[in-house]
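Undergrad: Whatever this is, show me its structure:
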Amino acid sequence: MACASLTGLAQYSGDPKTEWYLNAHATRQSLQYAVANLPYKGGNTMTGMALNYILQNNFKANVGLRPDSRKIGVLVTDGKSQDEIIVNSQKLRDSGIELYAIGVKDADENELRSIASHPDDIHMYNVKDFSFLLDIVDDLTVNLCNSVKGPGTVSHILD
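TA: Here you go, the predicted model:
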């Protein structure tokens, strides 16, 4: 199943960085190549900082956000945040951004629930290891496509 959307990606540890903006990849092949060649960014887990960063830098018209599009953020983390996440995740939701939270390995399930939009059974996932991400792809794809409901914007965050 595929749904049309623009995709941006920011990685974080102690210093969030936009890898590409919403308007960077015009084709699916270009996006897949970028994902396949994405270096892993290890380090700290400053999730609150990353959430604030994407609100301030990635969900903007000058980097590809269309005014009529759905705004969706997907956070992927493999650890417990070292900073405050509740206020910044609420700011994103208050700005009309629907949030998905995906935890891997040592992610804190209570934090994932605090970040994810409701209901949790659609917006929150937690897997024991990166190899288990394959187990959630189909379900996540269906839920993301349902969230998009037409032209949309998906921004991913990887830790």
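Undergrad: So Leu112 is in contact with Gly103, correct?
TA: Yes: assessed by C-beta atoms under 8 Å, Leu112 is found in contact with Gly103 at 4.8 Å. (Glycine included, C-beta is placed from N, CA and C.)
Undergrad: any shared contact partners between these two?
TA: Counting by C-beta atoms under 8 Å, 6 or more residues apart in numbering, the shared contacts of Leu112 and Gly103 are 77, 124-126.
Undergrad: now Leu6, nearest residue through space, not along the chain?
TA: Excluding the flanking residues, the one nearest Leu6 by C-beta to C-beta, 6 or more residues apart in numbering is Leu22, at 4.3 Å.
Undergrad: count of neighbours near that neighbour?
TA: 24 (other C-beta atoms under 10 Å).
Undergrad: again, but for Asn146
TA: 10.
Undergrad: which element is it on?
TA: Per DSSP states H and E, Asn146 falls inside helix 137-148.
Undergrad: Buried residues in the helix or strand that contains Tyr33, which are they?
TA: Tyr33 belongs to helix 28-36 when assigned by DSSP H and E. Residues Leu31 are the ones in helix 28-36 that count as buried (16 or more other C-beta atoms under 10 Å).
Undergrad: Figure out how far that helix is from the centre of its chain.
TA: Put simply, helix 28-36 sits 16 Å off its chain's centre (C-alpha atoms, centre = their mean, to the nearest Å).
Undergrad: Strands of the protein, start to end?
TA: Taking DSSP state E, the strands of the chain run over residues 5-11, 17-20, 70-77, 97-104, 124-127, 152-158.
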